[in-house]
Each structure stands twice: as structure tokens, then as C-alpha cells.
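Asks: Fold the stuff below for me.
(one chain, ligands or ions: 2)
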Amino acid sequence: MADGGGEPDQLAGERATAQFDVDGMKVAWAGSRHAVEVADRMARLVASDPVFRKDTRTMLSRKELFKDTLKKAAHAWKRIVELRLTEEEANLLRLYVDQPGYVDLHWGMFVPAIKGQGTEEQQKKWLPMAYKFQIIGCYAQTELGHGSNVQGLETTATFDPSADEFVMHSPTLTSSKWWPGGLGKASTHAVVYARLITEGKDYGIHGFIVQLRSLDDHSPLPGVTLGDIGGKFGSGAYNSMDNGVLRFDHVRIPRDQMLMRLSQVTREGKYVHSDVPKQLLYGTMVYVRQTIVADASKALSRAVCIAVRYSAIRKQFGSQDGGPETQVLNYKTQQSRLFPLLASAYAYRFVGQWLKWLYTDVTQKLEAKDYSTLPEAHACTAGLKSVTTSATADAIEECRKLCGGHGYLNSSGLPELFAVYVPACTYEGDNVQVARFLMKTVAQVATGKQPVGTIAYMGNIQHLMQCKSAVNTAEDWLNPAAIKEVFEARALRMAVNCAQNISKAPSQEEGFSELSPDLLEAAVAHVQLIIVTKFIEKLQEDIPGPGVKEQLQKLCSIYALHLLHKHLGDFLSTGCITARQGALANELLGKLYAQVRPNAVALVDAFDYTDHYLGSVLGRYDGDVYPALYEEAWKDPLNETVVPDGYQEHLRPLLKQQLKLSRL
Ligand SMILES: CCCCCCCCCCCCCC(=O)SCCNC(=O)CCNC(=O)[C@H](O)C(C)(C)COP(=O)(O)OP(=O)(O)OC[C@H]1O[C@@H](n2cnc3c(N)ncnc32)[C@H](O)[C@@H]1OP(=O)(O)O
Ligand SMILES: Cc1cc2nc3c(=O)[nH]c(=O)nc-3n(C[C@H](O)[C@H](O)[C@H](O)COP(=O)(O)OP(=O)(O)OC[C@H]3O[C@@H](n4cnc5c(N)ncnc54)[C@H](O)[C@@H]3O)c2cc1C
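Replies: Ligands and ions are numbered 1, 2, ... in the order given. Coordinates of the predicted model:
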């Protein structure tokens, strides 16, 4: 036992009760033995490097934090070059550095935008400079007045044939670019989205590569106004990022800096559109949404890891005679709040892996000029992004509450994790754009067209519109086919209800507008079905390691059945299940929580996170929580002096005055 009542042995005991092979689970989580090995190596590399320390990050001022971010980014790059890391290793190293910064946008959006929308020639010119960090880029789309409505952007790029140049201009205050990460202080270049005007005609939004700062002294180029948009939610957290404002005053760029894969402007100023669908303009968003889904499982698993380990250490009540109190992880309420989140972390991990595959597949098809799967890729990435980010943000906050008072301390890691994570719900759009795609599919099914991919189930409309679940005992819910059927029936019936109600509206647009809350719920039902289905499909793979598949089967059931319990109204109102079947699902959930209990700590160990990456005294691997909490408190700047600054000016006079008053 550690000094002061911390109980490291407690976690060793928890680990000993695991009924599965943790190494095998690490492989299932990471995707392959190779992925475990690389992630482990990169995590340890970061954890052992003092430059990457982050334990006092929440105590830094904004300026100090930003400088620290620049230092870490430069050091990370130095290590990547020195060690000749592969792209996979470099991405992991940046992940474990765990500090949002301009590099995220440089690699995550600037480079992909040029790759996706630039011609071969443009890629040859710009990518080598970006790969070597000779230029730093960001993605400047959103404006002060317009974010979600991309077609409403106001920045103009007017072609001047006399000079063979575009003139970039911000005509109004609301056209100021506002939010792009890395823009405020770090970027030298941006992919800027602006209205293309040539021969007096507005051709809508297009992308342009624009240099913003001098490569000699980093000062803004003539006509360019730049700055940071100000402090954001939470201490530390996303304030390491220089989200920026940008205004153009008739800034000229050469014609060949328009990204011309989708459409071109000729030397004479003629607008030419290629055979590439115009939606590819949004391709960078599809890419980044796919990475955001993968990130959801990382953020959620971190929070869950902290909450599970701490719940195994923390004890409250249960002893009337001075004996040991009960671990809070043993309380059924704690389990019923925490284990669905544990299951969700695994569910998001697997759906994220599948989405990455889907994105790669679509990209290969696009290269072969097959654009048929683009709408599905858009619907899946936008839908999964929206559902997984909002559930993850809620889950991190739930984990904070599950850690009681100590969860509110910065040293728990949870406040910062929440503050860093929560904007993921907003950036890249918060609307479930999948609803329009569903309505189109319902219309196509009515004409006899057979849907494929994630909407293939809609082709089974005859059965799904009238089927009744055959579940008769709680254990019947363990059958994946029983779960899949009710999730499919619920999603389809909600979509068909919406389509029928839209058809009664005076116009389709009015119907869409009036029914948008219902459409959103139908979209969520469809997205949840995708996540459940991908989890079930994962279980059909060969998953080596004693007991690994069995644990995943339990987590899959918990994930699906907790959704069923939470959205019982949907399942009942669409007639997919009866109230009794709903009660049986709940009964099984209770049994599954009891079965997961002895495995809980090992299931979070399988995420393979270092203490550095977790950044939480509550989630420490050794469970030695109390001494660490105590020690952390003394690091606070407020504890640098015993008597606080301000005592002489503000406390002493007050106390003296109280003394005088009491003598009166
Ligand atoms: C190293 C890696 C690290 C990475 C870490 C990154 C860190 C991240 C840090 C933070 C980074 C934050 C960075 C940031 O935040 S960057 C800024 C992100 N901004 C947004 O996300 C804006 C959100 N708004 C939208 O997405 C709008 O709804 C759009 C633009 C789509 C409206 O559009 P529009 O006004 O035109 O209306 P429409 O709805 O009629 O659509 C028209 C048609 O287009 C199809 N369609 C729509 N969209 C797509 C699509 N994407 N792919 C393929 N197709 C698409 C659509 O189905 C329809 O098809 P059809 O019905 O006609 O057939
Ligand atoms: C931390 C952070 C980083 C960002 N990084 C970048 C970046 O690098 N580059 C960049 O270009 N942008 C960036 N953004 C901007 C981001 O993409 C936008 O904030 C986002 O697209 C939402 O747009 P908005 O802020 O205009 O919200 P709004 O669209 O104004 O949303 C306000 C509310 O209106 C609702 N709403 C909007 N339209 C509709 C509709 N049609 N139907 C129903 N409801 C609707 C929304 O759901 C929301 O509830 C970033 C934002 C944040 C917070």
C-alpha cells in the first residue's frame, strides 16, 4: 500500500481477474500486431522526452502556451527527420504529443486540399515545399458571417486577364475569414475558399492557394490583415491553437494558384468545368471527417480509461464496522453509466477503422473516374462525424462526473480533455447531412432500385416494414441477428415515416424544413445502425487470443442494447419491439455489466495508453492516485507562496477592519 491510503495493489488485483488475453485485445483495438508495436514505440518516445512534458500546461498563460506549442511542433519535426520516421510513425508521434497546433491543419487539411483539388502540376509544385515545412499551410473556408452555409461565403477572387492574376478581396466585415486553425500566427500560406468571378460572372466557391506571410520575416504581405481571434473555452486546451482572422484588400495571386483539378480559368478568362463532380470541392471535408471519427474513439477511450481505473481505486460507503469500503466500480449505477461508454469506445474504434477503409476505397474509385460511391461516403462521414462527436463530448463530461469531485481538478485530465474535444461537435459541421441521402434512397427503393453498401438494408423493405421481433427471453438479445433486425426496422420505418410526411407537404423543400427535427432523428437511427452493424461484422472476423472475442461480444451487446434502452421510444413507437422485449433487453444489460465488471480494468489497459498521454493523476497505470493528487496540488502557482499575493492590499485591510468592527 502506498503512503496515505493510495492502493496501487488494487489495480494489480483487478488485472488478475481479467478473463481474456490483454495483448490479444491490444491487437484487436489497434488493428494489427504491427499497429500495436508502432503505437507503443511512438508513445514511449514522446513520454520519455522532457520537451513533450505537459503536466503544467493548464497553468500557462496563452502566450506561454502558444510558444510551448511552437516549441513542441518544431521538436517533433526534428525528431521525425532525425529518426527518419515513416508517415505512420510521424502521425502517431504527433498524436501522442497531444497538443493541438498549426501542424494539425497543415497535414490534416492544407496538404489534403492540394492533393484532392490540385492538378498534377500544382501538386508537384506545392506538395514538396509543404512536406519539408518550407511553407506552412491552413484551410481558410469559414467566414465571420458564414460557416455551415459554404455557398454563402463572400470573399471574392476576381480574374484580371490583363495581368493573368486573381484579385482576392474581402468586401465586407462578415467576409473576414474567421476560425481557420494555424491562420492566426503560424501559417505562411492558406487554401482560401472564395467566389470565383470571371468575365463578369460569379461561378461560386473555389479553392485558391494564397501566400499570407513573408518567408523572410513572417510579416503579413501587403493587403493582408491577419490575427488571432482570441481566447477559447477552458484553460490550456484548444488555446494552443491560433485560430485566426484574415482580410484581403485587393491581393493579387497568379492565375495558376487557383486549384484547378475540378475546373479551370483559361488565360483569356474563360471558365471551364471538367467532368469531375463539383462536390469534390468538399472532398477535404470528407477526408477530415473520417479522421475526426477515428479521433472520437481516442478521446472517449482516454476518458473511459481514467474513469474505470479511478472507479476501481475509489471507495465509498459499504462498511458499518470499520472494514473496507466498497469500490465505486461495484455500484450498479456506476456500471450502468460507465460500461456503455466503454463499449462505445470500442464501437467507435471499429467503425472508425471501417470508415478509413471506405475512404480509401472511394479515393481509389475516384482516381479511376468512378464517382458512384461519393454520395454514400459523404453521408457516412458527415453522419458518423456528427453522432460520434456529440456522444463523445457528452461521455467525457459523464466520466468527469463519475470521478466525483476529483474529476473537476485539472490534474484529473478530464476538464482539459473535454475543453479540447468539445469543438469537434461544431467544426466540420454539426448537421446530420445524411437525412437527404436517406430520403433519396427511400424514393429510389420505391421505384425498385436495389440499394447497396450501408443502405442495402433498405432494399429489404417488405420484411422490415412489418416484421416483429421474435425475442422471447433476455438471452435472445445476445443473438446479433435479433439486434440487427430491430435496428434496421427502426431506421427504415423512421425514414419512411419522414418520406411519407414530406410527400404531404405543399413542396418538398417545405416538407424538409418542417420535418427537419424528425429527419435528424431518422438520420441518427441510421448512423447508429451503421455503428452496430460494423461492430457485429468485426466479430465475424478471426480475432485471436483467449477470451478476446467473448469480451468483444459482450461489449457489442452492451453497445446495442444500451442504445435500445436509451431510444426505447423509437423502437416502441415504430412497433419494432414490445414493451416486454424492451424490459428483457434491460434485464440482459444488467447481467452483462456484471460479466464485464472483473474485466473492466484490463479492457481499458488494452488501449495501451502511457501515463503521459492520459495526463491524469486519477487514471495512472499504477493506481497510486492519492499521493499524486496531493503532490500535484503543490505545483499550482498559487502555492508558490504561503501567504498569497494581494494579502497586503486586499485581505489584511479587510481583516483589520473586521477586527475594529468587532470591538465596537
Ligand atoms: C494528420 C491528420 C490530423 C487531422 C486532424 C484534423 C484536426 C481537425 C481540426 C479542426 C478542423 C476543422 C476544420 C473546419 O472546420 S473546415 C470548415 C468546415 N466547414 C463545414 O463543415 C461546413 C459545413 N457545411 C456543409 O458541409 C454544407 O452542408 C455543405 C457545404 C455540404 C452544403 O453544400 P451546398 O450548399 O452545396 O448544399 P447541398 O447540401 O445542397 O449539397 C449539394 C450536393 O453536394 C453533396 N455534398 C455535400 N457535401 C458533400 C461532400 N462533402 N462530399 C460529397 N458530396 C457532398 C450533397 O449531398 C448534395 O448532393 P446532391 O443531393 O445534389 O446529389
Ligand atoms: C475550434 C474550431 C476550429 C475550426 N477550424 C476551422 C478551420 O481550420 N477552417 C475553417 O474554415 N473553419 C474552421 N472552423 C469553423 C467551423 O467549421 C464552423 O464553426 C462550423 O462549420 C459551423 O459553422 P458556424 O460556426 O457558422 O455555425 P452556424 O452555422 O452559424 O451554426 C449555428 C447554429 O445554427 C444551426 N444551423 C446552421 N445551419 C442550419 C441549417 N441549415 N439547418 C438547421 N440548423 C442550422 C447549427 O446547427 C448551429 O446550431 C473551426 C471552428 C472551431 C470551433
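
Asks: Which of the residues in the helix-or-strand element of the chain with minimal mean pLDDT are classified as buried?
Replies: Using mean pLDDT, DSSP states H and E, helix 652-663 stands out as the lowest-scoring helix or strand of the chain, at a mean of 80. For helix 652-663, burial by neighbour count (16 or more other Cβ atoms under 10 Å) applies to no residue. Where C-beta positions appear, they are placed from N, C-alpha and C, glycine not excepted.

Asks: Would you pull up how far that helix lies from the middle of the chain?
Replies: Averaging C-alpha positions (Cα atoms, centre = their mean, to the nearest Å) puts helix 652-663 54 Å from its chain's average.

Asks: One more: stretch 613-633?
Replies: The answer for stretch 613-633 is 25 Å, by Cα atoms, centre = their mean.

Asks: Quick one: end-to-end distance for that stretch.
Replies: 20 Å (Cα to Cα, to the nearest Å).

Asks: Now do it, average pLDDT.
Replies: The average pLDDT for stretch 613-633 rounds to 97.

Asks: so where's the chain uncertain?
Replies: Within the chain, the set of residues satisfying pLDDT under 70 comprises 1-9, 430-432, 658-659, 662, 664.

Asks: Quick one: the strands in it, in order.
Replies: According to DSSP state E, the chain carries its strands in the segments 137-140, 156-160, 165-169, 177-178, 189-198, 201-211, 224-228, 244-248, 251-254, 263-265, 271-273, 315-316, 326-327.

Asks: now the third one and strand 156-160, what's the angle there?
Replies: Read it as strand 165-169. Counting by axes from the mean of the first three to the mean of the last three Cα atoms, to 10 degrees, strand 165-169 lies at 150 degrees to strand 156-160.

Asks: Run me through the strand neighbours of strand 165-169, direction for each.
Replies: Note on strand 165-169: by DSSP bridges, its sheet partners are strand 156-160 (antiparallel), strand 251-254 (antiparallel).

Asks: same check, this time on the last one
Replies: Taking DSSP bridges as the criterion, strand 326-327 forms sheet pairs with strand 315-316 (antiparallel).

Asks: What lies in contact with the strand it pairs with?
Replies: 324, 325, 326, 327, 328 (Cβ atoms under 8 Å, 6 or more residues apart in numbering).

Asks: Now a PyMOL select for only the buried ones of the residues you listed.
Replies: Those of the contacts of strand 315-316 that count as buried under 16+ other Cβ under 10 Å are selected in PyMOL with:
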select buried, resi 327+328
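
Asks: Turn the contacts of strand 315-316 into JSON lines, including distance to residue 379.
Replies: As requested, those are arranged in JSON lines below (distance: Cβ to Cβ, whole Å):
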{"residue": "324", "distance to residue 379": "52"}
{"residue": "325", "distance to residue 379": "50"}
{"residue": "326", "distance to residue 379": "46"}
{"residue": "327", "distance to residue 379": "44"}
{"residue": "328", "distance to residue 379": "41"}
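
Asks: I'd like the contacts of strand 315-316 laid out as TSV, including distance to ligand 1.
Replies: TSV is the format used below for these (distance: Cβ to the nearest ligand atom, whole Å):
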residue	distance to ligand 1
324	45
325	43
326	41
327	37
328	35
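
Asks: any idea which of the contacts of strand 315-316 is closest to ligand 2?
Replies: Of all those, residue 328 has the smallest distance to ligand 2: 33.7 Å, by Cβ to the nearest ligand atom.

Asks: what's that closest one in contact with, if anything?
Replies: Residue 328 makes contacts with 311, 314, 315, 316, 334, 404, as judged by Cβ under 8 Å, 6+ apart.

Asks: Try it again at 10 Å.
Replies: Residues near residue 328 by Cβ atoms under 10 Å, 6 or more residues apart in numbering: 307, 310-318, 334-335, 338, 402-404.

Asks: Quick one: name the residues of this protein near ligand 2.
Replies: 105, 139-142, 147-148, 179-181, 238, 243, 423, 426-431 (Cβ under 6 Å from any ligand atom).

Asks: are any of those residues buried, and which?
Replies: Among the residues of the chain next to ligand 2, those that count as buried by neighbour count (16+ other Cβ under 10 Å) are 105, 139-142, 147, 179-181, 238, 243, 423, 427-429.

Asks: which among the residues you listed are in contact with ligand 1?
Replies: Answer for these near ligand 1 (Cβ under 6 Å from any ligand atom): 139, 141, 142, 181, 427, 428, 429.

Asks: Now the lengthiest helix in the chain: buried residues?
Replies: Secondary structure assigned by DSSP state H gives helix 332-367 as the longest helix of the chain. Neighbour-count burial for helix 332-367 flags 334-355, 358-359, 362, 366 (criterion: 16+ other Cβ under 10 Å).

Asks: Kindly report the same for stretch 50-60.
Replies: In stretch 50-60, counting by 16+ other Cβ under 10 Å, buried: 52, 54, 57, 58, 60.

Asks: The first one against residue 95, yeah?
Replies: No. Taking contacts as Cβ atoms under 10 Å, residue 52 lies outside contact range of residue 95: 11.8 Å.

Asks: who touches both of the two?
Replies: By Cβ under 10 Å, 6+ apart, the residues touching both residue 52 and residue 95 are 46, 613.

Asks: Kindly provide the distance from residue 476 to residue 326.
Replies: Residue 476 sits 33 Å away from residue 326, going by Cβ to Cβ, to the nearest Å.
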